[in-house]
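>>> okay, sequence plus prediction incoming.
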Amino acid sequence: MKPPYIIPENAIHLLTADSVKSWKIAKRYNGKTRMNMGDCFLKYRQRFRESGLVKDNNASQRDCGPSLEATWEITTSEKGDYYIKLTSDQLPELLNQESDEKFFKILYLSKDSLTLSYVHKQFNQRRRITDYMVREDLEVKDRDFHW
């Protein structure tokens, strides 16, 4: 079994910079399959604040749905894996789940990159999604990947 990824000691600073940091999706995988990213994914941003708040920009993009506002914290599992835990009363409706909490496993974190993995239920199937995110200002080749 692969040992858990240990996050850097300054993980909160890496995630939020001095107060707020914006992340964009560089690429997304559904299991082992790379997903196409349309306009909503390409314009999507998550802003993590040092204060413990996170908000995305969906509502400011045409036809991309409502924005999520949540509180966030870093937690660990019994196995020693690190997670970003989001809590919001919007989560049940936005993610089609019962709980107002969602856990995103941290696979990698640096000042430029954040890799998160989570389980998402879609069409009555549970799918493992992995998002490779980068700082908003970084250029990413082949970001608008399509089959």
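Sure thing, it's come through. Numbers count the residues shown, from 1 in each chain.

>>> nearest the geometric middle of the protein, what residue?
Computing the C-alpha centroid of the chain and ranking residues by CA atoms, centre = their mean puts residue 116 first, at 5.7 Å.

>>> confidence score at that residue?
Looking at residue 116, its pLDDT stands at 98.

>>> that one bridge partners, please.
Note on residue 116: beta-bridge partners by DSSP bridges are residue 106, residue 131.

>>> quick one, what contacts the closest residue in space to residue 16 that isn't next to it in sequence?
In space, and not counting its chain neighbours, residue 16 is closest to residue 50: 4.3 Å by CB to CB, 6 or more residues apart in numbering. No exception for glycine: its C-beta is placed from N, CA and C like everyone else's. Applying CB atoms under 8 Å, 6 or more residues apart in numbering, we find residue 50 in contact with 12-13, 16, 18-20.

>>> how does it look with 10 Å?
12-13, 15-21 (CB atoms under 10 Å, 6 or more residues apart in numbering).

>>> of these, which belong to strands?
Filtering the contacts of residue 50 for membership in strands, criterion DSSP state E, returns 20-21.

>>> would CSV of the contacts of residue 50 with neighbour count and distance to residue 36 be doable?
CSV is the format used below for the contacts of residue 50 (neighbours: other CB atoms under 10 Å; distance: CB to CB, whole Å):
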residue, neighbour count, distance to residue 36
12, 15, 33
13, 13, 33
15, 22, 27
16, 19, 30
17, 14, 30
18, 7, 35
19, 9, 34
20, 14, 29
21, 19, 26
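
>>> between the contacts of residue 50, which is nearest residue 60?
residue 20 (15.9 Å; CB to CB).

>>> how near is the closest residue to residue 18 other than its chain neighbours to residue 103?
Distances taken as CB to CB, 6+ apart place residue 50 nearest to residue 18, at 7.5 Å, with adjacent residues excluded. Distance from residue 50 to residue 103, counting by CB to CB, to the nearest Å: 21 Å.

>>> what's the answer for residue 19, then?
Computed as CB to CB, the residue 19 to residue 103 distance reads 25 Å.

>>> now do the contacts for the residue nearest to the centre of the chain.
Residue 116 makes contacts with 23, 25, 46, 83-84, 103-109, 129-133, as judged by CB under 10 Å, 6+ apart.
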